[in-house]
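next comes the sequence, and after it the predicted model I'd like to discuss.
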Amino acid sequence: MVITSASNEQVKKIIQLKEKAKARRLSGQFVVEGFKMFREIPAGMLVQLYVSETFQKEHSEELKSYDYLILSDAVFKKISDTVTPQGVLAVVRQKHDSVEEILKKRNREKSCIIVLDCIQDPGNLGTIVRTGEGAGVAGVIMSRDCVDIYSPKVVRSTMGSIFRVPFTVADNLAAVVAVLKEQGVTTYAAHLRGTLYHREPFDSNCAFLIGNEAQGLSDEISAMADRLIQIPMEGKVESLNAAVAAAILMYTQKFQ
């Protein structure tokens, strides 16, 4: 059976999950698009797989081991978040990590923690998560006013790292930073008034605080940091893209 109407209840649910952060939050689910991303989904997280009619015809052998629903190409295009749909979309359960779990991983692997304050660009957040996996970070902690990590653009930017990197959203970021400090984590805030980051090595037990793309870190979070640091700039550049800055800091800490 092929779903041919955009008024189908499942199709309407997918569109809600794609477009509305509230729908994702209330359902505890999100949307993953593309066959590569679909194959990254851990066991137990898949809720439902959907494929386009054309994809099903062309990849019937690859789909043999999966349960799936078929959508007409026209309907699939309506639920897709990309200009050229790949023909595969999955509804997936959200995962729930905690600050305690991130701290345990940090203690076990001696890796840094990334703390994000009001990051708004989906590409920045997704890239930070993806780069964090490459750099082996213990996890990512986000303020509640960051862009929704389960939005399609963020999910796509992570390239599958969203399933493997521990992360949590903090209702009170200052309180979480206080917990990190109580646990002996040295906090470094990326800040225009900071000292050059390479002047002395980072503590092996550390967290990097990265702020909003336009305003930087809030005064409250900046004031809590053990050290304010900055990346040296030449020319007329005042600061780097948040994801680039985070990448430089986490890799410097990893290989210093």
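That came through fine.

residue contacts, residue 59?
35, 51, 87 (CB atoms under 8 Å, 6 or more residues apart in numbering). Any C-beta I mention is one placed from the backbone N, CA and C, and that applies to glycine too.

which of those lies closest to residue 233?
Set against residue 233, the nearest of the contacts of residue 59 by CB to CB is residue 35 (41.1 Å).

confirm residue 208 sits in a strand?
Yes - per DSSP: H, G, I helix; E, B strand; the rest coil, residue 208 lies within a strand segment.

find the nearest non-adjacent residue to it, please.
residue 249 (4.8 Å; CB to CB, 6 or more residues apart in numbering).

how about the strand or helix carrying that neighbour: buried residues?
In this assignment (DSSP states H and E), residue 249 forms part of helix 242-255. By 16 or more other CB atoms under 10 Å, the buried positions in helix 242-255 come out as 242, 243, 245, 246, 247, 248, 249, 250, 252, 253, 254.

equivalent analysis for stretch 131-145, please.
Within stretch 131-145, judged by 16+ other CB under 10 Å, the buried ones are 131, 132, 133, 135, 137, 138, 139, 140, 141, 142, 143.

as JSON lines, these with secondary structure would be great.
As requested, those are exported to JSON lines (three-state DSSP):
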{"residue": "131", "secondary structure": "helix"}
{"residue": "132", "secondary structure": "helix"}
{"residue": "133", "secondary structure": "helix"}
{"residue": "135", "secondary structure": "helix"}
{"residue": "137", "secondary structure": "coil"}
{"residue": "138", "secondary structure": "coil"}
{"residue": "139", "secondary structure": "strand"}
{"residue": "140", "secondary structure": "strand"}
{"residue": "141", "secondary structure": "strand"}
{"residue": "142", "secondary structure": "strand"}
{"residue": "143", "secondary structure": "strand"}
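
and the helices in the stretch 101-250 of the chain?
With DSSP state H, counting those that start in this stretch, the ranges of helices along the stretch 101-250 of the chain come out as 122-135, 152-158, 173-182, 219-224, 242-255.

out of the ones you listed, which is closest to residue 67?
helix 152-158 (21.9 Å).

for the closest one, the distance to its chain's centre please.
Put simply, helix 152-158 sits 7 Å off its chain's centre (CA atoms, centre = their mean, to the nearest Å).

mean confidence for it?
Helix 152-158 carries an average pLDDT of 96.

buried set for it?
Using 16+ other CB under 10 Å as the test for burial, helix 152-158 gives 152, 154, 155, 156, 157, 158.

touching, the last one and residue 128? I think so.
No - Residue 158 lies out of contact with residue 128 (CB atoms under 8 Å); the separation is 9.0 Å.

ok, back up a step: and of the helices of the stretch 101-250 of the chain, who's closest to residue 103?
Residue 103 lies closest to helix 173-182 among the helices of the stretch 101-250 of the chain, at 7.6 Å (CB to CB).

that closest one vs strand 139-143, what angle?
140 degrees (axes from the mean of the first three to the mean of the last three CA atoms, to 10 degrees).

helices and strands around helix 173-182, which ones?
Packed against helix 173-182 by the contact rule (3 or more CB pairs under 8 Å, 6 or more residues apart in numbering; DSSP states H and E) you find helix 99-109, strand 113-116, strand 139-143, strand 186-196, strand 206-210, helix 219-224.

between the buried residues of stretch 131-145, which is closest to residue 55?
Nearest to residue 55 among those, counting by CB to CB, is residue 133 at 27.9 Å.

neighbours of the closest residue to the closest one other than its chain neighbours, how many?
Leaving aside its sequence neighbours, residue 133 sits nearest to residue 161 (CB to CB, 6+ apart; 4.2 Å). By other CB atoms under 10 Å, 21 other residues sit near residue 161.

the one 4 residues further on now?
By the measure other CB under 10 Å, the count of residues near residue 165 is 23.
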